[in-house]
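Undergrad: Provided below are the primary sequence and the corresponding predicted coordinates.
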Amino acid sequence: MKIRTSGVVDRPESGHDAAASQEFAVFARGLSKHYRNPWTLKVTPGLDRLDLEVRRGEVMGYLGPNGAGKTTTLKLLTGLIQPSAGAAWLLGESIEDTSSRRRLGFLPEQPYFYDYLSGVEYLEMAGQLSGLAGAEASRRAKHWLGRVGLGDRPKLRLRKYSKGMLQRLGLAAALVHEPELLILDEPMSGLDPFGRRDVRELILEQRERGVTVLFSSHVLPDVEALCDRVAIVMHGRLQRVATVAELMDSGSHAVVFRCGGQAVIELPAGWSEFLSRRDRAGETEFTLKDTARTREVLAWLVQSRLEVRAVTPHRSSLEDLFLATANRAPGTPDERRSA
């Protein structure tokens, strides 16, 4: 079988890829989407030759700046748009087959709601569209409406829901049929800290059930707390896939010494290469880049009769590593858009 094309050479799926896909919840090979300008006929890549594997039962974060190709990827996987080239499988079934979406729960970035329905009615409809019988759809609708914190007003019409309430309802709709694979596009969008906490708990709960979760997000602390692995995409191309621990270990490490008062001392000769200082209100802060010299620097501070208030190890945050990956990616966003 060949995937339809749009001005590029397609890539037929191979028997080897189809067999390998059985081991993964999401398996993509050479997945691409190109857009042709109807006036200039210029072809612009939205996603370029994505090879991605999401293991069964894991939570994977899909990261990238606006326009990187995250939503394009998720729309391709869920059948909302057709690929220009390549192939992909969900739970071992080709995305070209509608059966691949029977065990899928999906929350789009901008879900559409029928605002004349109540929350329960909307979830009942979502459950029945997912194959649930009427009585079972009604039971689960009430359960999931309460589970996402909206059960106190089950008859409230959706036109009166806030953005955060609609986001919670969309997540409930993705979960009402208890899918094996959950794909979420910016699930934290529009949520207050309490809502984000509830969504984090739901995602962790699904992982404990053995559900695979693939979600995109700009809220990097949530990604760091939830994900087994992270995939970073830039300018339509996958840049890196790693566990959160591997990303953190690959980042820079430092030690910060906080000393009371304004330190009236100079750094020893040559130390400025690995030790810097910053004067703050009522204290001085020294940052050591070479962590192997922690004891040496601490001994120097004590000998200099400084009041050492704290010695704190620091490591790069996921946000730091994400920005570093973005800076290393070839080409700038403007260059990519004009290509």
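TA: That came in fine, so what should we check first?

Undergrad: you'd agree Val199 is in a helix?
TA: Yes: counting by DSSP: H, G, I helix; E, B strand; the rest coil, Val199 falls inside a helix.

Undergrad: mind checking pLDDT for it?
TA: With respect to pLDDT, Val199 scores 89.

Undergrad: If you drop the residues flanking it in sequence, what lies closest to it?
TA: Pro187 (5.5 Å; C-beta to C-beta, 6 or more residues apart in numbering). C-beta: built from backbone N, CA, C; applies to glycine.

Undergrad: And for His177?
TA: Ser130 (3.6 Å).

Undergrad: I'd like the distance from the one you found to Ser138, if you could.
TA: 13 Å (C-beta to C-beta, to the nearest Å).

Undergrad: What of Leu31?
TA: For Leu31 relative to Ser138 (C-beta to C-beta), the value is 38 Å.

Undergrad: Of the two, which one has the most company?
TA: Using other C-beta atoms under 10 Å as the criterion, Leu31 and Ser138 rank with Leu31 on top: 26 against 17.

Undergrad: What strand or helix carries that one?
TA: Using DSSP states H and E, Leu31 sits in strand 24-36.

Undergrad: tell me the average confidence for that strand?
TA: Strand 24-36 comes out at a mean pLDDT of 94.

Undergrad: Repeat that for stretch 41-52.
TA: On average, stretch 41-52 scores 90.

Undergrad: swap in stretch 258-271?
TA: In the prediction, stretch 258-271 has an average pLDDT of 85.

Undergrad: Also stretch 134-145?
TA: So the average pLDDT for stretch 134-145 ends up being 95.

Undergrad: Go through that stretch and flag the buried ones.
TA: 137-138, 140-142, 144-145 (16 or more other C-beta atoms under 10 Å).

Undergrad: now do stretch 279-291
TA: Result for stretch 279-291 [16+ other C-beta under 10 Å]: buried residues 283-286, 288.

Undergrad: from those, which ones fall inside strands?
TA: Among the buried residues of stretch 279-291, DSSP state E puts 283-286, 288 in strands.

Undergrad: Can I get the residues you listed in TSV including pLDDT and distance to Arg49?
TA: Shown next, in TSV, are those (pLDDT from 0 to 100; distance: C-beta to C-beta, whole Å):
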residue	pLDDT	distance to Arg49
Glu283	89	52
Thr284	91	51
Glu285	91	46
Phe286	93	47
Leu288	92	42
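
Undergrad: Let me know the secondary structure of Gly61.
TA: Per three-state DSSP, Gly61 ends up strand.

Undergrad: hang on, the earlier thing: so the residue nearest to Val199 sits right up against His218, yeah?
TA: No: the pair Pro187 and His218 fails to qualify as a contact (C-beta atoms under 8 Å) at a distance of 11.0 Å.

Undergrad: who's more crowded, these two?
TA: Pro187 (28 against 16).

Undergrad: Next, give phi and psi for the more buried one.
TA: Dihedral pair for Pro187: phi -70, psi -20, per degrees, to the nearest 10.

Undergrad: try Leu76
TA: Dihedral angles (degrees, to the nearest 10) for Leu76: phi -60, psi -50.

Undergrad: Model confidence for it, exactly?
TA: 96.

Undergrad: packing partners for the helix or strand in which Val302 is found?
TA: Counting by DSSP H and E, the element that carries Val302 is helix 294-303. Where contact means 3 or more C-beta pairs under 8 Å, 6 or more residues apart in numbering; DSSP states H and E, helix 294-303 is packed against strand 253-260, strand 283-288, strand 307-315.

Undergrad: deepest of those strands, which one?
TA: Compared across the helices and strands packed on helix 294-303, strand 283-288 shows the largest average neighbour count, a mean of 19 (mean count of other C-beta atoms under 10 Å).

Undergrad: still on that earlier bit, go through the ones in strands among the buried residues of stretch 279-291 and say which is closest to Tyr116.
TA: Glu285 (58.1 Å; C-beta to C-beta).

Undergrad: where's the nearest residue to the closest one once chain neighbours are set aside, which helix or strand?
TA: Excluding the flanking residues, the one nearest Glu285 by C-beta to C-beta, 6+ apart is Arg278, at 4.8 Å. Element membership of Arg278 [criterion: DSSP H and E] is strand 275-280.
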